[in-house]
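Participant: Give the three-dimensional model of this entry:
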Amino acid sequence: MSQKPTLSIFGGNGRFGKLFCQLLSSDFKVQVFDPTPTSTPLPEVQQVDFETAVKASTLILAVPIRHLESMVKQIAPLIKPGTTVMDVCSVKIFPAQWMTEHLGEKANLIATHPLFGPNSFNIPSARKITLHNLNAPEQTFSFWKQYFENLNIPVIELSPELHDQIMARSQGITHFIGRILKAMDAKSSPLDTAGFEALLNVMDKTCNDSFDLFADLLHFNPYTTEALECFSEAIDEVLLNLDRNKKLREKL
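Facilitator: Here you go, the predicted structure:
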């Protein structure tokens, strides 16, 4: 029986890191390096030190984006040539730039964004992933594309630029609305419509993660400012139309 290839997840003790550990442990010997200890270690993974983790043939960087460039710089002088490195950040332009700048001469780089998390993985429509080949051999990229598809996780290929443009208006606005509802102290009641229940569901899912994660999602996407300005202008337009409608009715 052939030995499983070794794969290291940096940040594997986080909520998403643990999910990825469970997904990959059937086919890989999964190691985790995470300076944050976990009170509930997964039995199928091994906690290792940084130097051991870097020696794996595949590295998955599941650290918060604010720490990603620093992590990439730490890894750069230690990885073996030909190591496959993937990030899993929710924004892609900056991670792709950092990995290319610091690892591009030694590693096979693939930028990924799993469009699911611990709260949504069991929802079939949410179970998909974006991939972009930064410099990996076609055989390596095709392996990972096929691997995720075999896990019933459809793959969407698109550039970091297009990814961030789209996500600023979808994921960014969704998380923004969820945080606004949370700030309003929105709660369920016996009179809730299906629409309001859907909004509460958005609030629960987006606010289940830390505010730091929400802030990173917006701060590190260069298209966020434009999307939020458009959102604000749309609110102003709806309020203006309401005011016009009111004045028109008053004249009747």
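
Participant: What residues does residue 9 make contact with?
Facilitator: Listed by C-beta atoms under 8 Å, 6 or more residues apart in numbering, the contact partners of residue 9 are 17, 20-21, 24, 30-33, 45, 59-60, 62. Using the backbone N, CA and C atoms, a C-beta is placed for each residue, glycine as well.

Participant: Dump those into JSON lines; add distance to residue 138, neighbour count and pLDDT as well.
Facilitator: JSON lines is the format used below for the contacts of residue 9 (distance: C-beta to C-beta, whole Å; neighbours: other C-beta atoms under 10 Å; pLDDT from 0 to 100):
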{"residue": "17", "distance to residue 138": "28", "neighbour count": "25", "pLDDT": "89"}
{"residue": "20", "distance to residue 138": "24", "neighbour count": "21", "pLDDT": "92"}
{"residue": "21", "distance to residue 138": "27", "neighbour count": "23", "pLDDT": "92"}
{"residue": "24", "distance to residue 138": "22", "neighbour count": "20", "pLDDT": "95"}
{"residue": "30", "distance to residue 138": "25", "neighbour count": "25", "pLDDT": "95"}
{"residue": "31", "distance to residue 138": "27", "neighbour count": "22", "pLDDT": "95"}
{"residue": "32", "distance to residue 138": "29", "neighbour count": "26", "pLDDT": "94"}
{"residue": "33", "distance to residue 138": "29", "neighbour count": "22", "pLDDT": "95"}
{"residue": "45", "distance to residue 138": "30", "neighbour count": "24", "pLDDT": "88"}
{"residue": "59", "distance to residue 138": "20", "neighbour count": "26", "pLDDT": "98"}
{"residue": "60", "distance to residue 138": "20", "neighbour count": "26", "pLDDT": "97"}
{"residue": "62", "distance to residue 138": "25", "neighbour count": "27", "pLDDT": "95"}
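
Participant: Closest to residue 214 out of those residues?
Facilitator: residue 62 (17.3 Å; C-beta to C-beta).

Participant: you'd agree that closest one is up against residue 16?
Facilitator: Yes. At 5.9 Å, residue 62 counts as touching residue 16 under the criterion of C-beta atoms under 8 Å.

Participant: Please enumerate the shared neighbours of those two.
Facilitator: residue 88.

Participant: surely residue 92 meets residue 132?
Facilitator: Yes. If you go by C-beta under 8 Å, residue 92 and residue 132 touch, sitting 6.9 Å apart.

Participant: With that, I have no additional questions.
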